[in-house]
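Asks: show me how the following folds:
(2 chains)
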Amino acid sequence: KNEVEQSPQNLTAQEGEFITINCSYSVGISALHWLQQHPGGGIVSLFMLSSGKKKHGRLIATINIQEKHSSLHITASHPRDSAVYICAVRSAYGGSQGNLIFGKGTKLSVKP
Amino acid sequence: NAGVTQTPKFRILKIGQSMTLQCTQDMNHNYMYWYRQDPGMGLKLIYYSVGAGITDKGEVPNGYNVSRSTTEDFPLRLELAAPSQTSVYFCASSGERVTEAFFGQGTRLTVV
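Replies: Below is the predicted model of the structure:
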């Protein structure tokens, strides 16, 4: 079982829909990251969370440390939101200093 | 503000050839990482560095070498390219263990 699981793997939405992407993890963490990867490959950091909730424009990220679960929400989705969204956690314990453990990503396609 | 810069963006190698993927960051970050991304898989850590002169193996180090002679630069060396090294490679950096991660644009490498 992967240490970071994302669902769904693929998601198709109509423009304007509210979108939720989920991330569950099985390790103790010091932080959780949501990343965006556009076609063409570059990776951009959207959020870093250690508790609670963060909002940036139409994007909202929440984390429940007790349940080891995080969600990324996109309100009023737009075709330009089409990308792969990646959840990554930073382990709280030893090992590779500050290394991120990545989920496999959720491919989002928003149709006009 | 350039952030993390990777070169080249694309490269085709023949089996047995060698090459160096360059990575430089201008944010004075101590932590730098090399990841590979294979289709349908999460990013996997190849090597990391916690500061100039200090490097260590990640999850998938075989076939690769790194050096960290300066804070800014963290090149990844492939000595004898193999088809299994066909992948997209990402360099990343962060300031401390629990801060935002910054990624380069990626290098798409094909070994034939």
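
Asks: nearest residue to the residue in chain B that chain A sits nearest to other than its sequence neighbours?
Replies: Among all residues of chain B, B:Gly42 sits closest to chain A, at 3.5 Å; criterion: C-beta to the nearest C-beta. For glycine as for every other residue, the C-beta is placed from the backbone atoms N, C-alpha and C. Sequence neighbours aside, A:Phe102 is the residue nearest to B:Gly42 in space, at 3.5 Å (criterion: C-beta to C-beta, 6 or more residues apart in numbering or on different chains).

Asks: again with A:Leu35
Replies: In this structure, A:Leu35 finds its nearest non-sequential neighbour in A:Ile86, 4.3 Å apart by C-beta to C-beta, 6+ apart.

Asks: is it true that the one you found touches A:His38?
Replies: No: applying C-beta atoms under 8 Å, one finds A:Ile86 not in contact with A:His38, separated by 11.6 Å.

Asks: of the two, who's got more company?
Replies: For A:Ile86 versus A:His38, neighbours defined as other C-beta atoms under 10 Å in any protein chain shown are more numerous around A:Ile86 (27 against 13).

Asks: what's the helix or strand for the more buried one?
Replies: Taking DSSP states H and E as the criterion, A:Ile86 maps to strand A:83-91.

Asks: and that strand, which strands flank it?
Replies: Partners of strand A:83-91 in the sheet, by DSSP bridges, are strand A:29-37 (antiparallel), strand A:100-102 (antiparallel), strand A:106-111 (antiparallel).

Asks: need the residues of chain B near chain A, please.
Replies: B:31, B:33, B:35, B:40-45, B:48, B:50, B:56, B:58-59, B:88, B:90, B:92, B:94, B:96-106, B:108 (C-beta under 8 Å from any C-beta of the partner chain).

Asks: go with 7 Å
Replies: B:31, B:33, B:40-43, B:45, B:48, B:50, B:56, B:58, B:88, B:90, B:94, B:97-98, B:100-103, B:105-106 (C-beta under 7 Å from any C-beta of the partner chain).

Asks: make a ChimeraX selection of the buried ones in these.
Replies: Of these, the buried ones go into a single ChimeraX selection, burial set by 16 or more other C-beta atoms under 10 Å in any protein chain shown:
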select /B:31,33,42,43,45,48,50,58,88,90,94,97,101,102,103,105,106
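
Asks: what about the residues of chain B next to chain A, which are in strands?
Replies: B:Tyr31, B:Tyr33, B:Leu45, B:Tyr48, B:Val50, B:Asp56, B:Val88, B:Phe90, B:Ser94, B:Phe102, B:Phe103 (DSSP state E).

Asks: for the fourth one, give the beta-bridge partners.
Replies: Here B:Tyr48 shows beta-bridge partners B:Tyr33, B:Asp56, assigned using DSSP bridges.

Asks: my guess is it contacts A:Asn99, does it?
Replies: Yes: here B:Tyr48 lies in contact with A:Asn99, judged by C-beta atoms under 7 Å, at a distance of 6.1 Å.

Asks: can you read off the pLDDT for the nearest residue to B:Glu79 once chain neighbours are set aside?
Replies: In this structure, B:Glu79 finds its nearest non-sequential neighbour in B:Ser18, 5.0 Å apart by C-beta to C-beta, 6+ apart. Confidence at B:Ser18, expressed as pLDDT, is 96.

Asks: and B:Ser18, what does it touch?
Replies: For B:Ser18, the contact set (C-beta atoms under 7 Å, 6 or more residues apart in numbering or on different chains) comprises B:Leu78, B:Glu79, B:Leu80, B:Ala81.
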